[in-house]
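Peer 1: Here you go, sequence then predicted model.
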Amino acid sequence: MAQVSIVDVKKSYGSIEVLHGIDVEIAHGEFIVIVGPSGCGKSTLLRMVAGLESVTSGEISIGERVVNDVEPKDRDIAMVFQNYALYPHMSVYNNMAYGLKLMKLSKEEINTRVDKAAELLQLEDFLQRRPRELSGGQRQRVAMGRAIVRDPAVFLFDEPLSNLDAKLRNQMRIEIRKLQRDLDVTAIYVTHDQVEAMTMADRIVVLNDGYVEQIGTPSEIYHTPESVFVASFMGAPPMNLVSGNANGKGKFTIEGLGDIDIPKDYSFTGKALFGIRPESVEIFSKQSKGSYPLELELVEELGAGRILHTRLGNETFTVHMPHTDELPTNGLFVKFPENAIHLFDPKSGKRL
Amino acid sequence: MLKRVHFGPSWLPFALVAPQILITLVFFMWPAAQAVYQSFLIEDAFGLSSEFVWLDNFYELFADDIYLNTFFRTGYFSLLVAGSSLSIALFLAAMADRVVKAALVYRTLLIWPYAVAPVLAGTLWLFMFDPTLGIISYLLDQFGYDWNHKLRGGQAMGLVVMAATWKQISYNFLFFLAAMQSVPKSLLEAAAIDGAGPARRFWTIVFPLITPTTFFLLVVNIVYAFFDTFGIIHAVTEGGPAGQTTILVYKVFTDGFIGLDLGGSAAQSVILMAIVILITVVQFRYIEKKVDY
């Protein structure tokens, strides 16, 4: 059993602190995705778990063991790098066998393990090739194979799909997820792609600027974002955020538009951000009670739906509508279902 | 391949390469041709007349034990110089690659010897090892070891090898370090996770990946030992004692300018030229193509 626990982990380079106390508990067999924009420290955190970066303070344990001062090779992990880091002068077979030879396994054992991994990843025909003779997807598989043969307790992935084209990426996403489940290993997966995060994760850790913004299942992250950052980072197109005033009695006033009904249990009064997902709004072609006019600026056709870029009062506002609905031609009005409304404190960025 | 239609005929490209061609012709081709011509001649002792003798100079050389010994000595000398300067430079570069603090200072210091002229390098070592004045020969004497490279051929050879090696280490170091730094860090990290310690990472990952540089340096070093060590030998031993540090290029000088056997000396030059051509062909034809991964 390999749970991973990261307790109050900090990382500084000289006087610059890049991770400010990260706490994450990962259960055995869980697929955790760490997501965040470039430079948020997600790769650094992963590399600290791998043992490639030192831990400035705090504690990282794998299984029951604190691994702060344990060599990477003794941490019972395997890592898949963004550029795959395949040994260019070795055949696919030797790339996978390299670590096993160092473990001093018998020739037969090495053979069995590599063959098994090759079969799993459909690499049997390529075992004697060099990495440069492989396509991007095949290299990706070899990198996976090299991780699998080690039979580690924890898989670490550092943006492994970012060098692949879109189609291959979708395919590998599913394969990685299946493999992880079949092998029953814990996985930590770093990406900046929120689609990867949503589709692959058991739980997502949203990291921003060295702080954990939120930890939760994809559904929690999507439907109850704890901060403005999470709300706008996860989801494409991102959540609409409109500033205005909450009166604490179920009304939210947007300048130049009027009052919007919000759930009465929001007791907060004062300046706030009103948030709603583009697909959560209801669209009408006629004005009615409780609807607000939108000024249509641009329509993006997606096939499965449309994204309407509009203005609500003075603010930009996007709406995602299913392709089954007709695009209203004269007049566009929206209603905001109360259960889809989020309010955020503009100062702290936190959910109200 | 660019199609011809992209560039109309123009005198400009010829004008641009003309200086280079001119220099090559005047300073390289002409002297080389002169050497070939001269190698077919024998001059009298006073330089007043010369006689065309076809390949007699060459026949004479290959019948001469001293010349053949010089051949073997040169091979031996080059292997020692190339081998030791490459391995020492490789070691230093591998260490420097791991240095993080003050790396620039460290590297700069290691590169300095390259700026020292060969004759000066030779003189430096000559002073240190001078049998009567040298500090190192004095120290060796304290340990009961009698150093006198003016009498002992082996010691003389050791001294020129040391001086020549020392001079070449910087150059090799620079190339090795650059090659090592172009090895992606993630490969080493992957190897570290795979369980390889620093030494094994070096021999199984870094060393194979810098093979192209190693081969290139091997050729450069052999050429260096063959030709550029002239100044060092001239300053340290003058080919002595009893010709025991005379290598091919030094023999060209002594036979031609001191022995005044211009024909024989020219014939030796032609043989050296042939060797260089051979090494170059080997480098281009085999080594540069063979190294792949």
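Peer 2: Looks like it came in fine. Residues are numbered from 1 along each chain as shown, chains lettered A, B, ... in the order given.
Peer 1: what residue ranges in the chain score low on pLDDT?
Peer 2: Here I'm looking at chain A. Scanning chain A for pLDDT under 70 picks out the ranges A:1.
Peer 1: please go with chain B instead
Peer 2: For chain B, the stretches flagged by pLDDT under 70 are B:1-7, B:47, B:100, B:287-293.
Peer 1: Buried residues of the longest helix along it, list them for me.
Peer 2: Ranked by residue count, the top helix of chain B under DSSP state H comes out as helix B:65-96. Neighbour-count burial for helix B:65-96 flags B:67, B:70-71, B:73-74, B:77-78, B:80-82, B:84-86, B:88-90, B:92-94, B:96 (criterion: 16 or more other CB atoms under 10 Å in any protein chain shown). Where you see a C-beta, it was placed from the backbone N, CA and C, and this is true even at glycine.
Peer 1: Please apply the same query to stretch A:237-252.
Peer 2: A:239-242, A:244-246, A:250-252.
Peer 1: what's the burial count for the residue in the stretch 101-250 of chain A positioned nearest to chain B?
Peer 2: Chain B sits closest to residue A:102 of the stretch 101-250 of chain A, with a gap of 3.9 Å, by CB to the nearest CB. For residue A:102, the number of neighbouring residues by other CB atoms under 10 Å in any protein chain shown comes to 16.
Peer 1: same deal with residue A:204?
Peer 2: By other CB under 10 Å, the residues close to residue A:204 number 28.
Peer 1: Could you look up the SS state of it?
Peer 2: Classification of residue A:204 by DSSP: H, G, I helix; E, B strand; the rest coil places it in strand.
Peer 1: what's the answer for residue A:245, then?
Peer 2: Secondary structure state of residue A:245, per three-state DSSP, is strand.
Peer 1: likewise residue A:156?
Peer 2: Per three-state DSSP, residue A:156 ends up strand.
Peer 1: now residue A:8
Peer 2: strand.
Peer 1: same check, this time on residue B:21
Peer 2: Using three-state DSSP, the structure places residue B:21 in helix.
Peer 1: And for it, the neighbour number?
Peer 2: Counted with other CB under 10 Å, the burial measure for residue B:21 works out to 11 neighbours.
Peer 1: Same question for residue A:157.
Peer 2: Residue A:157 has 27 nearby residues by other CB under 10 Å.
Peer 1: Nearest residue to it in space, ignoring adjacent ones along the chain?
Peer 2: Once flanking residues are discounted, residue A:157 sits nearest to residue A:189: 4.2 Å by CB to CB, 6 or more residues apart in numbering or on different chains.
Peer 1: these two touch, right, the one you found and residue A:30?
Peer 2: No - Residue A:189 lies out of contact with residue A:30 (CB atoms under 8 Å); the separation is 10.7 Å.
Peer 1: Around residue B:201, count how many other residues there are.
Peer 2: Residues near residue B:201, counting by other CB under 10 Å: 19.
Peer 1: same thing with residue B:123?
Peer 2: The burial count for residue B:123: 17, using other CB under 10 Å.
Peer 1: before we move on, what about residue A:288?
Peer 2: Using other CB under 10 Å, residue A:288 is surrounded by 8 other residues.
Peer 1: returning to what we had before: the residue of the stretch 101-250 of chain A closest to chain B reaches residue B:200, doesn't it?
Peer 2: Yes - between residue A:102 and residue B:200 there is a contact at 7.3 Å, judged by CB under 8 Å.
Peer 1: Name the secondary structure element that contains residue B:36.
Peer 2: Following DSSP states H and E, one finds residue B:36 within helix B:30-38.
Peer 1: Toward the C-terminus, what is the element adjacent to that helix?
Peer 2: Using DSSP H and E, the next helix or strand after helix B:30-38 towards the C-terminus is strand B:41-43.
Peer 1: hmm, who's touching the helix or strand that that next one is followed by?
Peer 2: Downstream of strand B:41-43, the first helix or strand assigned by DSSP H and E is strand B:50-52. Strand B:50-52 has contacts (CB atoms under 8 Å, 6 or more residues apart in numbering or on different chains) with B:40-44, B:263.
Peer 1: ok, so of those residues, who is nearest residue B:242?
Peer 2: Nearest to residue B:242 among the contacts of strand B:50-52, counting by CB to CB, is residue B:263 at 24.4 Å.
Peer 1: which element is the closest one on?
Peer 2: Going by DSSP H and E, residue B:263 is part of helix B:262-282.
Peer 1: Need the contact partners of that helix.
Peer 2: B:32, B:35-43, B:47, B:50, B:53, B:57-58, B:60-61, B:67, B:219, B:222-223, B:226-227, B:248-249, B:251-253, B:255-257, B:259.
Peer 1: Just the buried ones from those, in ChimeraX syntax?
Peer 2: In ChimeraX, a selection of the buried entries from the contacts of helix B:262-282 looks like this (16+ other CB under 10 Å):
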select /B:35,38,39,40,41,42,43,57,58,60,61,67,219,222,223,226,248,249,251,252,253,255,256
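Peer 1: can you pull the contacts of the residue of the stretch 101-250 of chain A closest to chain B?
Peer 2: Going by CB under 8 Å, 6+ apart, residue A:102 touches A:73, B:194-196, B:200.
Peer 1: related to what we said a few turns ago, looking at residue A:189 and residue A:30 now, which is surrounded by more residues?
Peer 2: residue A:189 (28 against 18).
Peer 1: that older thread, and which of the contacts of strand B:50-52 is nearest to residue B:122?
Peer 2: residue B:263 (29.4 Å).
Peer 1: so residue A:189 sits in a helix?
Peer 2: No - with three-state DSSP as the criterion, residue A:189 is strand rather than part of a helix.
Peer 1: what pairs with it across the strands?
Peer 2: residue A:33, residue A:157 (DSSP bridges).
Peer 1: For it, list the residues it contacts.
Peer 2: A:31-34, A:155-157, A:160, A:176, A:196, A:200-201.
Peer 1: buried residues in stretch A:314-332?
Peer 2: A:315, A:317-321, A:328, A:332.
Peer 1: How far off centre is it?
Peer 2: Its chain's C-alpha centre and that of stretch A:314-332 lie 28 Å apart, by CA atoms, centre = their mean, to the nearest Å.
Peer 1: Return the residues of the stretch 151-300 of chain A in contact with chain B.
Peer 2: For the stretch 151-300 of chain A, no residue is in contact with chain B (CB under 8 Å from any CB of the partner chain).
Peer 1: Just the strands from the stretch 151-300 of chain A, written as ranges.
Peer 2: A:154-158, A:186-191, A:203-208, A:211-216, A:240-247, A:251-254, A:258-261, A:269-276, A:282-284, A:292-293, A:295-301 (DSSP state E, counting those that start in this stretch).
Peer 1: Please identify which of those is closest to residue B:123.
Peer 2: strand A:154-158 (55.3 Å).
Peer 1: contacting residues around the closest one?
Peer 2: Under the criterion CB under 8 Å, 6+ apart, residues A:2, A:4, A:43, A:46-47, A:49-50, A:62, A:75-82, A:147, A:176, A:180, A:185-191 lie in contact with strand A:154-158.
Peer 1: rerun that using 7 Å as the cut-off
Peer 2: For strand A:154-158, contacts defined as CB atoms under 7 Å, 6 or more residues apart in numbering or on different chains pick out A:2, A:4, A:43, A:46, A:49-50, A:62, A:76-82, A:147, A:180, A:185-190.
Peer 1: quick one: buried residues of stretch B:94-113?
Peer 2: Buried, per 16+ other CB under 10 Å, within stretch B:94-113: B:94, B:96-97, B:107, B:110, B:113.
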